[in-house]
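In: Got a predicted structure here, sequence first:
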Amino acid sequence: MGFLDGLLTLGALGYMASDLKKTKEKNEQEYQKFLKEMEAEDRRMEREAKKKAKEYEKQRLLEEERKNTPYNYDEGISEADFLNIAKETAKRIKRIRKVTVEGLKVKAIFESQSGCSDWEINVDFNDWGHLTGKYWLSSDNYDSLIPTRFADLMAEEITERVSYDKME
């Protein structure tokens, strides 16, 4: 058993070493392939992020342009009428403490349910220099349905008045 066993053991060890070398080379190739795929994915994600950043900036500029488009109060609702609509609508909602109007933007301050704090909403009715009833709403309390209700009530009144004026 001596020499033949040693030769067989040596052969088996040689085969295992060769097999390990092949496995190591295969793993290295797979790892390099994985790295290339990850680099390609990183480049794709970077391109996508740049694309989204451009789209966001374009939307931001467009939104800024919309907000800054002047309204001339020539569509049947005067500045005083708009202020009246905001105040009358606010009277219909109990928790509104204060309403202010600047141009076609309405700011309403609400009392919290507990009465211990306030929160506010901003409703922008400037639809590219037109008063159509369409609005953009921002709120400190997105859990509440009251801001949308307030904006919807104002929008209904605006839509009715603008539609009525167009019929005359």
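Out: Right, received. Where do you want to start?

In: Provide a complete list of residue ranges assigned to helices in the chain.
Out: With helices called from DSSP state H, the chain shows them at 2-68, 79-91, 146-167.

In: Turn those into a markdown table, columns for distance to Thr132 and mean pLDDT.
Out: (C-beta placed from N, C-alpha, C; glycine too.) Putting those into a markdown table (distance: least, Cβ to Cβ, whole Å; pLDDT from 0 to 100) gives the following:
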| stretch | distance to Thr132 | mean pLDDT |
| --- | --- | --- |
| helix 2-68 | 12 | 87 |
| helix 79-91 | 13 | 96 |
| helix 146-167 | 7 | 86 |
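
In: and Phe125, which of these is closest to it?
Out: helix 146-167 (6.8 Å; Cβ to Cβ).

In: That closest one to helix 79-91, inter-axis angle?
Out: Here helix 146-167 runs at 140 degrees with respect to helix 79-91, directions being taken by axes from the mean of the first three to the mean of the last three Cα atoms, to 10 degrees.

In: Which residues does helix 146-167 contact?
Out: 75-77, 81-82, 85-86, 88-90, 92-93, 95-96, 106, 108, 110, 121, 123, 125, 131-135, 137, 139, 141 (Cβ atoms under 8 Å, 6 or more residues apart in numbering).

In: out of everything not next to it in sequence, what's closest to Lys98?
Out: Ile109 (4.5 Å; Cβ to Cβ, 6 or more residues apart in numbering).

In: Okay, and the beta partners of that neighbour?
Out: Lys98, Glu120 (DSSP bridges).

In: hang on, it packs against Ala90?
Out: No. Ile109 is not in contact with Ala90 according to Cβ atoms under 8 Å; the separation is 9.8 Å.
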